[in-house]
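Visitor: all I have is the shape, not the residue letters:
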């Protein structure tokens, strides 16, 4: 079946990249993408995301009241903003 569709620019870039990466025709890439997207039932699971973590060592300040300090700093910033008339 022949049909005309209008692709968003980001989708067009993704398709062109897939055509290049897979060394396949535009038609093949479109059909496979539509098949995968329209399939019902379970899909292949996404790989688990593992964020980068770093050991920063022991804190140099007492963090027991960090939330209270952050609140006070936010309050002071708001007061200054109101005084400035912004």
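Guide: Yep, that arrived. Small disclaimer: the values here were computed from a predicted structure and weren't measured.
Visitor: nearest residue to the middle of the protein?
Guide: Nearest to the mean C-alpha position of the chain, by Cα atoms, centre = their mean, lies residue 49 at 11.8 Å.
Visitor: and the longest helix for the protein?
Guide: helix 66-83 (DSSP state H).
Visitor: picking that back up, report pLDDT for the residue nearest to the centre of the chain.
Guide: The score at residue 49 is 92. That number is its pLDDT.
Visitor: same question for the one 4 residues further on.
Guide: Listed pLDDT for residue 53 reads 95.
Visitor: just use 87 as the starting number from now, easier for me
Guide: Let's use 87 as the start, then, which means that last one is residue 139.
Visitor: how about stretch 91-101: buried residues?
Guide: Across stretch 91-101, burial judged by 16 or more other Cβ atoms under 10 Å covers no residue at all. C-beta here means a position set from N, CA and C on the backbone, and glycine is covered the same way.
Visitor: and it, how far out from the chain's middle?
Guide: Its chain's C-alpha centre and that of stretch 91-101 lie 19 Å apart, by Cα atoms, centre = their mean, to the nearest Å.
Visitor: please apply the same query to stretch 113-128.
Guide: That offset, for stretch 113-128, works out to 22 Å (Cα atoms, centre = their mean).
Visitor: contacts for that stretch?
Guide: 101, 104-105, 108, 110, 129 (Cβ atoms under 8 Å, 6 or more residues apart in numbering).
Visitor: what's the most distant pair in these?
Guide: For those, the farthest-apart pair by Cβ to Cβ is 105 and 129; their separation is 22.2 Å.
Visitor: tell me which of those two has more neighbours.
Guide: Using other Cβ atoms under 10 Å, the more surrounded residue of residue 105 and residue 129 is residue 105, with 16 against 9.
Visitor: give the helix, strand or coil label for residue 128.
Guide: The three-state label given to residue 128 by DSSP: H, G, I helix; E, B strand; the rest coil is coil.
Visitor: what's the neighbour count on it?
Guide: With other Cβ under 10 Å as criterion, residue 128 counts 6.
Visitor: all good on my end, thank you.
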